[in-house]
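*Asks:* please work out how this folds:
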Amino acid sequence: MSNPAIETVKAIKRCIQRDFFANESSKDSGIYQLTIVDEKSRQELNINTKNAAECLLLSTDVDRNKDSNQAKSIAKDSLLPFFEPTESGITQQCDLILIGSRDENLFVFLIEMKQANKGHYLQQMKSSKLFVNFVLEILTLHSKCTAHPPHFFGVLCYGDQRRARNQPSKHLTFQFEERNGLHVSEWYASSINLPALLSAALRCVQGKAA
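*Replies:* I've put the predicted structure just below:
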């Protein structure tokens, strides 16, 4: 019997243009090296997917046409081109969307990379949550996947590694806390182990259901 969560991840992979997939390297070792470099924090993020089920990495907060003269004159947002980009905030997205599954649960991790200033990270994460829900509703409408409501979690990553050495050990494990309608974990390392992240999210879901 097929796993609806895994089938949903596969459906998103088929239906989203590859321009929005995060570039990867060292795939054979299970390590995804994101070539996205946050313009403010200048950090890169490694995600270890070894021993994890089907997963997908989407890069949403990048300018894919920054070298195009036409793009400069039109100045459309690459993800939401129907929005007016001069209207403050409405095209903001988090840096990375990580989609995976555990025990037939579909998980969506909204990852934002920051330095000391958190900024409007919750708005960015919630905008990306709305985007993912939109994608899933369209795919369900056209029978590309079975309706399978995901569990959303935010991961706020800090780029200043000097801070990591001064943080309590609890900041080197994923601990989610509710922040205005979204469970968020702050992360102080340069790599994320996807199986460990999924396990922490599953414990949170099970704790809410208890």
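*Asks:* show me what Y158 bridges to in the sheet.
*Replies:* Note on Y158: beta-bridge partners by DSSP bridges are K114.
*Asks:* I'd say it and A189 touch.
*Replies:* No - contact criterion C-beta atoms under 8 Å: Y158 and A189 do not qualify, at 9.1 Å. Quick note: C-beta positions are derived from backbone N, CA and C, even for glycine.
*Asks:* tell me which of those two has more neighbours.
*Replies:* The neighbour comparison of Y158 against A189 (other C-beta atoms under 10 Å) goes to Y158, with 21 against 15.
*Asks:* partners of the residue nearest to the spatial centre of the chain in the sheet?
*Replies:* When the chain is reduced to its mean C-alpha position, the closest residue under C-alpha atoms, centre = their mean turns out to be I97, at 1.9 Å. Counting by DSSP bridges, I97 forms beta bridges with L58, L110.
*Asks:* isn't it right next to Q124, touching?
*Replies:* No - if you go by C-beta under 8 Å, I97 and Q124 don't touch, sitting 11.1 Å apart.
*Asks:* spell out which residues are contacts of both of these two.
*Replies:* L110 (C-beta atoms under 8 Å, 6 or more residues apart in numbering).
*Asks:* which residues of the chain fall in helices?
*Replies:* For the chain, the helices defined by DSSP state H occupy 4-15, 69-74, 121-141, 161-164, 194-209.
*Asks:* of all those helices, which lies closest to L56?
*Replies:* Closest to L56 of the helices of the chain, according to C-beta to C-beta: helix 4-15, at 5.4 Å.
*Asks:* so what secondary structure elements neighbour that closest one?
*Replies:* strand 56-59, strand 96-102, strand 105-114, helix 121-141 (3 or more C-beta pairs under 8 Å, 6 or more residues apart in numbering; DSSP states H and E).
*Asks:* format the ones you listed as TSV; extra columns: mean pLDDT and distance to F83.
*Replies:* TSV is the format used below for the helices and strands packed on helix 4-15 (pLDDT from 0 to 100; distance: least, C-beta to C-beta, whole Å):
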stretch	mean pLDDT	distance to F83
strand 56-59	88	18
strand 96-102	93	18
strand 105-114	93	19
helix 121-141	95	11
